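Chemist: Just need the structure, nothing else, for what follows:
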Amino acid sequence: MTSSYSSSSSAVRSSAKHAAERIQQHLPPNSNHSVSLSSSSLNLPSRTSIIAPGVAHSSRPKDRPSASSSVSNASSVSASSPSTRRSGTPIRRSQSKDFDDDNDPGRVRVSVRVRPRNGEELISDADFADLVELQPEIKRLKLRKNNWNSESYKFDEVFTDTASQKRVYEGVAKPVVEGVLSGYNGTIMAYGQTGTGKTYTVGKIGKDDAAERGIMVRALEDILQNASSASVSVEISYLQLYMETIQDLLAPEKSNISINEDAKTGEVSVPGATVVNIQDLDHFLQVLQVGETNRHAANTKMNTESSRSHAILTVYVRQAVNEKTEKAKPESLGDKGIPRVRKSKLLIVDLAGSERINKSGTDGHLIEEAKFINLSLTSLGKCINALAEGSSHIPTRDSKLTRLLRDSFGGSARTSLIITIGPSARYHAETTSTIMFGQRAMKIVNMVKLKEEFDYESLCRKLETQVDHLTAEVERQNKLRNSEKHELEKRLRECENSFAEAEKNTVTRSKFLEKENARLELCMKELLKELQLQKDQCDLMHDKAIQLEMKLKNTKQQLENSAYEAKLADASQVYEKKIAELVQRVESEQARSTNAEQQLNEMKNILSKQQKSIHEQERGNYQYQKELAETTYTYESKIAELQKKLEDEDARSNAAEEQLRLMKGLLSDHQVLSQENEETNKLKIKLEELSQMYESTVDELQTVKLDYDDLLQQKEKLGEEVRDMKERLLLEEKQRKQLESELSKLKKNLRESENVVEEKRHLKEDLSKVSSESGALTGSQRSQGLKKSLSGQRATMARLCEEVGIQKILQLIKSEDLEVQIQAVKVVANLAAEEANQLKIVEEGGVEALLMLVQSSQNSTILRVASGAIANLAMNEKSQDLIMNKGGAQLLAKMVTKTDDPQTLRMVAGALANLCGNEKFLKLLKEEEGIKGLLTMAQSGNTDIIAQVARGMANFAKCETREIMQGRRKGRSLLLEEGALEWLTSNSHIESASTQRHIELALCHLAQNEENANDFKRTGSVTEIVRISVESSRDDIRSLAKKILKTNPYFSS
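Modeler: Take a look at the predicted model:
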């Protein structure tokens, strides 16, 4: 009866608390009339149970009551009679931990979700019960410590493995999303161990099935539905925190983005992130798909697509406050004329899962990623502990993750945390740590604030628009006024001009008329005068005509006179004589000119111009004769011209004679000078010969001096070289002694390492014997022995590296002594097995030395050990670049024809498999016959070699599929060109589980490329995909195969 009453009272109490929470959520956050709806105000029995973190749960406080009934019964008894205490041996099977639910809207709400068991857990944990027991009705979770004791924890929501995505969203995220739409900042975060379903819960896109959509898609769907008006804008940014560097998933070229903090408000922002304005849900799904493609993920034992970074989706919601709905609060922000805006921000955080290396099976670069993941999660845990304990110092600056989440824990945002756990008892420690993280987070209370402020930006834009409009209107009115003013002024000027012009015209016209009148009067007077003059002239002409008639008669009489004719004949004879004399003189001049011409012709070019002028003068004289014969009127003038020309001709002839004399003198002088020039030329030739002899003797003397100087310098150089040679011999002797001592140390250390390996082998044999005989030795004791032997071997290698140095060990590889070479290669291989030494070996040129050794050596031991060292170094990205640049892939592929040793081939296959995991070298590996070499090695039939080949095929297919998904590559797979699909199909039923897993992964990755569909149909590999979707031992591989069969139209048909 008591038990039923307590259970019913607890149910009533829990329902009343939930009702109080719902009422409290609907109350305004800044209301002055706060209503307390705690358990005490509702007159319900209450219980306070506080257990400090870190206290062992097996011990119970003295003031805690105990009973053999359930926890609820015990709590009701303690509440009704607090003075009653019972002592004795506790017989309870469970202990309960609870928190006071004060219905504070700022408290961090924590929900828990348990994923279902996967195929591996169904097989391995078939005989064991689940680690946790869920009680969703009372929102509790029981964690089993052992078969008889358990701990109970209360959460805000508890979701079983059958809970739908919609139910999880409504219970975890929807209240936060509604708060964001109301103007409050919000945070939704998923925390838990790797492989427990965080990304599925938060970031599942659900492109094919809307029911599978996660919190990100559903939250944006609700926000976009409520933000349909034009006054609401929704923007997002998508970042990832990878190895303590912030990278932009929407713009991969942006890496190492800085974080800014406002000194006044303390608000954290990432100004370098890409912000995208979201229009609708389809647009958001496209953007989210781009971000998920750029996010870092890897394949581990616990999850085939394990997230290697923390993903942070930030949603910025900006909405104007509707004045109609805000009339009830006129004094909330001040003036009614200033618009208000609500700026809220929603953070959806998908944390990378914490993991243990021994369970996840990570190696190489994945270990570094795991270190940074665990480091940031540890920093987050420290901040949660400090906030839960009320510490004055919160270490938010220890990690970039805690800086980004500064407002989510202890800030002003509404925060909802969902922790994901697994049901398997193998992960008891991880599940317990996750639950305790959630319990501590429930103690944090944020100061929730409404992010509402004056929209000065829109007000400024509105006022600027109004000012621009008014300014344009004023300018328009001014332009109209100015145009009207200009038009009136123009008309006034035109009227004034027309008036002035009319006045001017009238004045000028009057003046013109007056002048014209006066002129006409003068003309009349002049005409009268002219008429009078003409009358007088007519009279005079009449008189002159009479006189001329009289003179004419007189001239006729004179012409008839003979005396006049005789005088004219005498004058003509005189003139003719003068002309004859002039002609004779001209002829004599012509004779003289002909003689001068003969002399001038001998001088050729010098007097040619003179001859032309003489001919011109002859033609001129001939013309003169004609002119003299034609008329007697121009005789005198012609004679004067001829005389002048004759004078000129005389001067020219005299000048010609003078020039002739000068030329003769010049010819005589030239003959004399030519004789003197011949003598001077002979003297010059002799002088040149003497100067040449002098120069040759000087040159010989200089060469002799230079030879002497060279001999002196050579003597000095030989002396210096002799001294240097002596010093080098001394140094080489010292180095030889040092190398001998180092070689002895090296052999000693190698013997110690071989002894350690031998002890390890003997220890394994002894352990197997002891376990087979007694069966009492546990696995932990075996592992301790192995760890001791490994630690001893590592200590030996570290001591050897410190004493000798990697550079000197690499120099011993080039030794001509085969034994020394083998020992040196073994040391390098052992050092390369440690990740801390790989970078040193690469920097000291170890990769080049090992590749040259593989290429030149014929010793099987050296080839095997060197190949193993290269395989270890190939796990480092810098070493991979160096190996591929030096032609290492082609060299390793040729090892198939160089040796048939299984161990050597296994090392070579492992090196090629590591290189296949780098996206940059896929095409180069195919061109250098790396894939062909792997398939050739697989024909040996050795299981270890086949395992390495399968791993390489899986790495290659995964990288190739990733490039195709990101749009960087198209077309048929490079593996199919080498016949890898036939080999994978024929070996898909191999006995080794790990090898079969790699082959199945390779087939699934190849099947994701639609360009490979015809090859799958041709080789019958589609049946293998169908088989994998049903019979594969891994859940993730089965789900991937089912997805391929469902989405690929070529396979579904």
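Chemist: Return the distance of Asn876 relative to Val825.
Modeler: When distance is defined by CB to CB, to the nearest Å, Asn876 is 19 Å away from Val825. All C-beta spots, glycine's among them, are computed from the backbone N, C-alpha and C.
Chemist: Looking at those two, which has the bigger crowd around it?
Modeler: Val825 (27 against 21; other CB atoms under 10 Å).
Chemist: My reading is that the more buried one is in a helix; is that accurate?
Modeler: Yes. Counting by DSSP: H, G, I helix; E, B strand; the rest coil, Val825 falls inside a helix.
Chemist: Enumerate every residue touching it.
Modeler: Contact partners of Val825, counting by CB atoms under 8 Å, 6 or more residues apart in numbering, are Ile813, Leu850, Leu853, Ile862, Val865, Ala866, Ala869.
Chemist: Next: Leu366.
Modeler: So Leu366 contacts Ala298, Thr300, Arg308 (CB under 8 Å, 6+ apart).
Chemist: That one - that's part of a helix, no?
Modeler: Yes. Assigned with three-state DSSP, Leu366 falls within a helix.
Chemist: From Glu253, how far out is it?
Modeler: On the measure of CB to CB, Leu366 and Glu253 end up 24 Å apart.
Chemist: now do Asp104
Modeler: 44 Å.
Chemist: next one: Pro1049
Modeler: From Pro1049 to Glu253 the distance is 34 Å (CB to CB).
Chemist: what do you get for Leu527?
Modeler: Distance check for Leu527 against Glu253: by CB to CB, it reads 109 Å.
Chemist: Same question for Ala163.
Modeler: 40 Å.
Chemist: ok, those two, which is more surrounded?
Modeler: Ala163 (17 against 6).
Chemist: Let me see the contact set for that one.
Modeler: Arg113.
Chemist: Quick check on it: phi, psi?
Modeler: Dihedral pair for Ala163: phi -70, psi 140, per degrees, to the nearest 10.
Chemist: next one: His310
Modeler: Torsion angles, degrees, to the nearest 10, at His310: phi -90, psi 120.
Chemist: in the sheet, who's paired with the closest residue to it other than its chain neighbours?
Modeler: In this structure, His310 finds its nearest non-sequential neighbour in Leu241, 4.2 Å apart by CB to CB, 6 or more residues apart in numbering. Going by DSSP bridges, Leu241 is paired in beta bridges with Ile246, His310.
Chemist: Check Glu235 too.
Modeler: Asn277, Tyr316.
Chemist: So for it, what's the pLDDT?
Modeler: pLDDT recorded at Glu235 is 93.
Chemist: same deal with Val321?
Modeler: Val321 is given a pLDDT of 79.
Chemist: same question, the one 10 residues further on
Modeler: We note a pLDDT of 42 for Glu331 in this prediction.
Chemist: can you check Lys612 too?
Modeler: Taking Lys612 on its own, its pLDDT is 66.
Chemist: oh, and call the first residue 807 from now on, that's how I've got it
Modeler: Let's use 807 as the start, then, which means that last one is Lys1418.
Chemist: on that earlier part again, and the contacts of Val1631, which are buried?
Modeler: Buried by 16 or more other CB atoms under 10 Å: Ile1619, Leu1656, Leu1659, Ile1668, Val1671, Ala1672, Ala1675, out of the contacts of Val1631.
Chemist: can I assume the first one is in contact with Ala1655?
Modeler: Yes. Applying CB atoms under 8 Å as the test, Ile1619 and Ala1655 come out as touching, 5.1 Å apart.
Chemist: Can you list the helices and strands that the helix or strand hosting Val986 packs against?
Modeler: If you go by DSSP states H and E, Val986 is part of helix 980-987. Helices and strands touching helix 980-987, by 3 or more CB pairs under 8 Å, 6 or more residues apart in numbering; DSSP states H and E, are strand 992-998, helix 1021-1032, strand 1116-1126, strand 1146-1156, strand 1220-1227.
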